[in-house]
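*Asks:* generate coordinates for the sequence data below:
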Amino acid sequence: MRHGFRAEKLALPGEDAPLLEAEFRRWFDAYQPMTPVEGELIERMVIASFQRKRIDIARTAIVAEQMRCAEFLIVKAFDDRLPVLKAVIDEQAATVVQELRGSAAGCRWMISRWERLLEVLHQDGTWLGDDRNEAIQLQGFPAFTDLLCHSEQAYLTFMYSYISQKNHHKKYLKLLLSKFRIPDTLRARGRASWMPKAEDCKAWLEALAHAQLDELRKREEYLRTTMEEPSRAEAMLRAMVPAGKPGQDLARYDRMQESSFHKAYEALRKGRLELARTGILPAMADELYREGGDEEPAPSAEPASPAPAAYQKLPASYGDACPDARLSGALENAPNEASGARVTAVDGCGATGCGHQSSRVNAGEAARSEAPAAAEGADEAQGASA
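*Replies:* Just a heads-up that it's a prediction; the model follows:
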């Protein structure tokens with residue numbers, strides 16, 4: 001029996017349809033289906049097997065893509081996160097700085113900002129406007145004037161940047177020196193201890209920038225050598241397993257195809273066992289397919305016939321014969337367990353182009369033909385005894 005599936009319908013763009021056709025042919029030659037039912041089951045086995053090969057190819061492609069992008073994704077994760085942090089640094093400066101200092105990439109970004117502020121300080125002699133606010137925020141403090149009283153470092157950065165200006169307004173300086181702006185720690189020490197001259201204010205700001213840079217550079221080196229570089233080196237290893245939803249979908253689809261294959265195989269195996277025992281062809285592929293499982297067919301109340309020799313070893317041309325011809329050849333030498341008689345009744349299969357006759361056993365007729373002979377023998381025996 002030849003399979004009726006057209007391989008080009010299953011082949012995807014870029015796949016070799018003749019190769020798929022050869023795969024179908026190889027399976028059909030190996031299993032030699034006797035009926036359309038068996039052919040259907042074998043087709044399902046081939047399709048499930050081919051789908052699992054596609055899954056392996058897709059899994060390889062996903063892993064290769066993950067490995068190519070492993071290091072890039074590490075960098076991209078920080079690049080995507082940075083605009084979010086910059087957008088909220090005004091309101092959540094402490095939280096943003098803490099997160100930035102927690103990674104080598106974040107430390108490098110803060111180092112670049114402090115280096116820029118140091119250049120501005122050398123060029124302009126002070127920090128004005130946004131530069132001053134950025135210097136305060138990079139220390140983890142809000143730059144709002146109403147909140148300067150909560151941090152001595154933020155207040156001094158703001159105050160010294162203002163005093164370093166060449167032409168600062170005394171009226172605004174008076175507002176900064178009000179008791180509502182000065183932190184409690186500075187008020188307790190007295191203004192003379194922390195209110196330097198204008199030239200000393202620039203030196204204090206420069207020392208602040210250098211202190212921040214020194215601390216951040218040490219932290220960046222530590223995080224880079226102990227966390228970032230090992231993580232990038234291991235990124236290729238982590239990428240060898242499909243991650244996320246694509247990996248989960250592949251695993252689920254693989255299990256589906258594996259289950260489909262084994263169900264079809266079990267249905268084929270059960271059908272052949274039943275055919276060997278009863279000589280009855282399976283009615284439908286779907287019925288056998290649904291019944292496919294790990295359980296053996298239920299044993300018959302009568303002793304089962306051994307598998308016919310013609311069924312156990314099929315000739316080379318077996319796949320080209322029609323189902324009834326093969327079934328007749330398989331059963332014509334098999335004993336009939338119900339009557340003990342050989343196959344006697346034959347009639348045509350009706351297949352187009354087929355001239356064979358399929359053999360069938362009518363156990364009822366054989367039993368009726370033997371009943372009169374048995375009754376006659378019993379009467380003779382009774383007369384002799386009388």
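
*Asks:* grab the nearest non-local neighbour of R108.
*Replies:* Excluding its sequence neighbours, the residue lying closest to R108 (CB to CB, 6 or more residues apart in numbering) is E220, at 5.7 Å. Where C-beta positions appear, they are placed from N, C-alpha and C, glycine not excepted.

*Asks:* and that neighbour, what element?
*Replies:* Using DSSP states H and E, E220 falls within helix 198-223.

*Asks:* beyond that helix, next helix or strand please.
*Replies:* Downstream of helix 198-223, the first helix or strand assigned by DSSP H and E is helix 229-238.

*Asks:* and the angle from that following helix to helix 198-223?
*Replies:* Relative orientation of helix 229-238 versus helix 198-223 (axes from the mean of the first three to the mean of the last three CA atoms, to 10 degrees): 40 degrees.

*Asks:* got the contact list for helix 229-238?
*Replies:* M67, A70, E71, L73, I74 (CB atoms under 8 Å, 6 or more residues apart in numbering).

*Asks:* what does stretch 135-146 give?
*Replies:* By CB under 8 Å, 6+ apart, stretch 135-146 touches 89-91, 93-94, 96-98, 110, 113-114, 117, 127, 132-134, 147, 150-151, 153-154, 157-158, 161, 176, 181, 205, 208-209, 212.

*Asks:* list buried residues within those residues.
*Replies:* With neighbours counted by 16 or more other CB atoms under 10 Å, the contacts of stretch 135-146 contain buried members at 89, 93, 96-97, 110, 113-114, 117, 127, 132-134, 151, 154, 157-158, 161, 176, 181, 205, 208-209, 212.

*Asks:* which of the contacts of stretch 135-146 fall in helices?
*Replies:* In helices, judged by DSSP state H, the following of the contacts of stretch 135-146 are found: 93-94, 96-98, 110, 113-114, 117, 132-134, 153-154, 157-158, 161, 176, 205, 208-209, 212.

*Asks:* neighbours around F28, how many?
*Replies:* 20 (other CB atoms under 10 Å).

*Asks:* ok, it touching E38?
*Replies:* No. Applying CB atoms under 8 Å, one finds F28 not in contact with E38, separated by 9.6 Å.

*Asks:* can you give me the strands for this structure?
*Replies:* Taking DSSP state E, the strands of the chain run over residues 345-348, 357-360.

*Asks:* per-residue pLDDT, the nearest residue to A143 once chain neighbours are set aside?
*Replies:* Leaving aside its chain neighbours, A143 sits nearest to N133 (3.8 Å; criterion: CB to CB, 6+ apart). What the model reports as pLDDT for N133 is 94.

*Asks:* then E376?
*Replies:* E376 carries a pLDDT value of 52.

*Asks:* span of stretch 150-170 from start to end?
*Replies:* End-to-end span of stretch 150-170 (CA to CA, to the nearest Å): 23 Å.

*Asks:* need the contact partners of it.
*Replies:* The contact list for stretch 150-170, computed with CB under 8 Å, 6+ apart, reads 125-128, 132, 135-136, 139, 141-143, 145, 147-149, 172-173, 176, 181-183, 185-186, 194, 196, 198, 201-202, 204-205, 208.

*Asks:* show me just the buried residues among these.
*Replies:* Among the contacts of stretch 150-170, those scoring as buried are 125-127, 132, 135-136, 139, 141-143, 148-149, 176, 181-183, 186, 194, 196, 201-202, 204-205, 208 (criterion: 16+ other CB under 10 Å).

*Asks:* now H122. Nearest residue, chain neighbours left out?
*Replies:* Excluding its sequence neighbours, the residue lying closest to H122 (CB to CB, 6+ apart) is E206, at 7.9 Å.

*Asks:* and L12, its phi and psi?
*Replies:* Main-chain dihedrals, L12, degrees, to the nearest 10: phi -90, psi 160.

*Asks:* do P183 as well
*Replies:* The phi/psi pair for P183 (degrees, to the nearest 10) is phi -60, psi 150.

*Asks:* show me the residues around it that make contact.
*Replies:* P183 makes contact with L148, C149, H150, S151, E152, Y155, according to CB under 8 Å, 6+ apart.

*Asks:* what's around the last one, how many residues?
*Replies:* When neighbours are counted by other CB under 10 Å, Y155 registers 23.

*Asks:* domain parsing of this structure, as residue ranges.
*Replies:* Per the record, the chain has its domains at 1-88+243-305, 92-226, 321-386, by automatic domain parsing.

*Asks:* among these, show the one with the smallest mean pLDDT.
*Replies:* Mean pLDDT per stretch puts domain 321-386 lowest among the domains of the chain, at a mean of 42.

*Asks:* what is the burial count for K197?
*Replies:* Number of residues near K197 (other CB under 10 Å) recorded here: 9.

*Asks:* do you know how far it is from A58?
*Replies:* 72 Å (CB to CB, to the nearest Å).

*Asks:* distance of the residue nearest to R108 relative to Q139?
*Replies:* 17 Å.

*Asks:* same thing with A267?
*Replies:* Distance, A267 to Q139, by CB to CB: 73 Å.
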